[in-house]
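Trainee: no FASTA, just this:
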């Protein structure tokens, strides 16, 4: 094992994609980037509509490295901004798009490949193409893949998605599951409520769909699987799930063991933003299954990366080292990088 590094394993990028290039995926919905005249700020566009204001660190690796120095980070693992997934598009267009985005991710990391690593995206709507791109990306230098927590109406227990996870397990490809396309029927209209309410629920839904469906009985234990945002609402509501499993036959129907017995099958990141929440998360998951993650460089991410872990004195030195870097080194197979 190499010397301890402080590794942020949940950070995003968005390359300088033109509207013309995005139109090859979908002229009306595909994302692209417009940048201000001073080069400091930008806007992710979705077709002709503004989607999210952003700033230079999202596409400029030199600024990213400067901010990593300010946060005391040795390494950051970047992944696509989820709007880039392209899951709703035809697979024959999504596959070359994913390959192009993955090549651009490696270009982003090329400024300092010792400190910047990338997770690939895949055309998840087509199992064969998704497996092919995951393997290609790994061979090209990606340290794993990032996928959304669902594919349209299909959650992670869908047979295609389970088979993709099995492929990743069998080929030693680490997987980060990130919530996206949050559930809402229009009631959560303002105040970023889809991000504040539905996003944590989406993550818990992804975890429980694997546990309660029995999918974990079929997926090799070798799978390296992590859920973003501290696993969403999972840790806080695990007692409710265990109680339901003990009291209701329908919850036990496909799940042979109590849900809390599956905690060793996945990891979560530390992006919970509150000392009490982190304490519950570590108590639930064990520090060996929590990794430093910031959701950088977005406003809902940790603004002082690692501060929550570093400033909580109830974490002992072993816990802190596990979270800050040791777990990520092992999870992503970083070796002596």
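Mentor: Received it, and whenever you're ready, just let me know what you need. Bear in mind that the values here come from a model prediction, so they are computed numbers and not experimental data.
Trainee: When you work out contacts or count neighbours from here on, use the C-alpha atoms and nothing else.
Mentor: Will do.
Trainee: residues contacting residue 85?
Mentor: 98, 121, 122, 123, 147, 148 (CA atoms under 8 Å, 6 or more residues apart in numbering).
Trainee: cool, and residue 63?
Mentor: Taking CA under 8 Å, 6+ apart as the test, what residue 63 contacts is 56, 57.
Trainee: can you tell me the helix or strand for it?
Mentor: In this structure, residue 63 is located in helix 61-71 according to DSSP states H and E.
Trainee: Now that helix: buried residues?
Mentor: Residues of helix 61-71 classed as buried: 61, 64, 65, 68 (neighbour count, 16 or more other CA atoms under 10 Å).
Trainee: related to what we said a few turns ago, helices - which of the contacts of residue 85 land there?
Mentor: Among the contacts of residue 85, the members found in helices (DSSP state H) are residue 98.
Trainee: Now residue 45: which helix or strand?
Mentor: Counting by DSSP H and E, residue 45 is found in strand 41-46.
Trainee: Could you point out the helix or strand that follows that strand?
Mentor: As assigned by DSSP H and E, the chain's next helix or strand after strand 41-46 is strand 49-55.
Trainee: Tell me the strands beside that next one, with direction?
Mentor: Partner strands and pairing direction for strand 49-55 (DSSP bridges) are strand 41-46 (antiparallel).
Trainee: picking up where we left off before, turn the buried residues of helix 61-71 into JSON lines, including distance to residue 227 and pLDDT.
Mentor: Formatted as JSON lines, those follow (distance: CA to CA, whole Å; pLDDT from 0 to 100):
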{"residue": "61", "distance to residue 227": "25", "pLDDT": "97"}
{"residue": "64", "distance to residue 227": "23", "pLDDT": "98"}
{"residue": "65", "distance to residue 227": "25", "pLDDT": "98"}
{"residue": "68", "distance to residue 227": "23", "pLDDT": "97"}
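Trainee: average model confidence for stretch 191-198?
Mentor: Across stretch 191-198, pLDDT averages out at 88.
Trainee: For that stretch, measure first residue to last.
Mentor: Its start and end residues considered, stretch 191-198 measures 12 Å (CA to CA, to the nearest Å).
Trainee: buried ones in that stretch?
Mentor: By neighbour count with 16+ other CA under 10 Å, stretch 191-198 contains the buried residues 194, 195, 197, 198.
Trainee: Show me the contact partners of it.
Mentor: Outside stretch 191-198, the residues that reach it (CA under 8 Å, 6+ apart) are 182, 183, 184, 188.
Trainee: just the buried members of those residues?
Mentor: Buried among these (16+ other CA under 10 Å): residue 182.
Trainee: and after the helix or strand of the chain with the lowest mean pLDDT, which helix or strand comes next?
Mentor: Within the chain, judged by mean pLDDT, DSSP states H and E, the helix or strand with the poorest mean is helix 193; its value is a mean of 88. Scanning forward in sequence from helix 193 by DSSP H and E, the next helix or strand is helix 199-212.
Trainee: in its sheet, what does the very next helix or strand once past that next one sit against?
Mentor: Next along the chain after helix 199-212, taking DSSP H and E as the criterion, comes strand 225-227. Sheet partners assigned to strand 225-227 using DSSP bridges are listed as strand 174-178 (parallel), strand 267-269 (parallel).
Trainee: So which residues make contact with the longest one?
Mentor: What it means is strand 174-178. 82, 143-149, 168, 203, 223-228, 331-332.
Trainee: Following element in sequence after that strand, please.
Mentor: Next in line after strand 174-178, if elements are assigned by DSSP H and E, sits helix 193.
Trainee: before we move on, what about the last one?
Mentor: Counting by DSSP H and E, the element after strand 267-269 in chain order, helix or strand, is helix 275-285.
Trainee: Just list what that following helix packs against, helices and strands only.
Mentor: Judged by 3 or more CA pairs under 8 Å, 6 or more residues apart in numbering; DSSP states H and E, helix 275-285 is in contact with helix 234-247.
Trainee: contact partners of the helix it packs on?
Mentor: With contacts defined as CA under 8 Å, 6+ apart, helix 234-247 is touched by 203, 204, 207, 251, 252, 258, 259, 260, 280, 281, 284, 285.
Trainee: Out of those, the closest to residue 164 would be?
Mentor: Residue 164 lies nearest to residue 207 out of the contacts of helix 234-247, by CA to CA, at 15.6 Å.
Trainee: What about that closest one, how many residues nearby?
Mentor: Residue 207: 24 surrounding residues under other CA atoms under 10 Å.
Trainee: ok, it to residue 243 distance?
Mentor: Using CA to CA, residue 207 is found at 17 Å from residue 243.
Trainee: contacting residues around residue 44?
Mentor: Counting by CA under 8 Å, 6+ apart, residue 44 touches 31, 32, 33, 34, 50, 51, 52, 53, 54.
Trainee: Name the nearest of those residues relative to residue 162.
Mentor: Taking CA to CA as the measure, residue 162 lies nearest residue 31 of the contacts of residue 44, at 27.7 Å.
Trainee: count of neighbours near the closest residue to that closest one other than its chain neighbours?
Mentor: Of all residues not flanking residue 31 in the chain, residue 46 sits nearest, at 4.5 Å (CA to CA, 6 or more residues apart in numbering). Residues near residue 46, counting by other CA under 10 Å, number 21.
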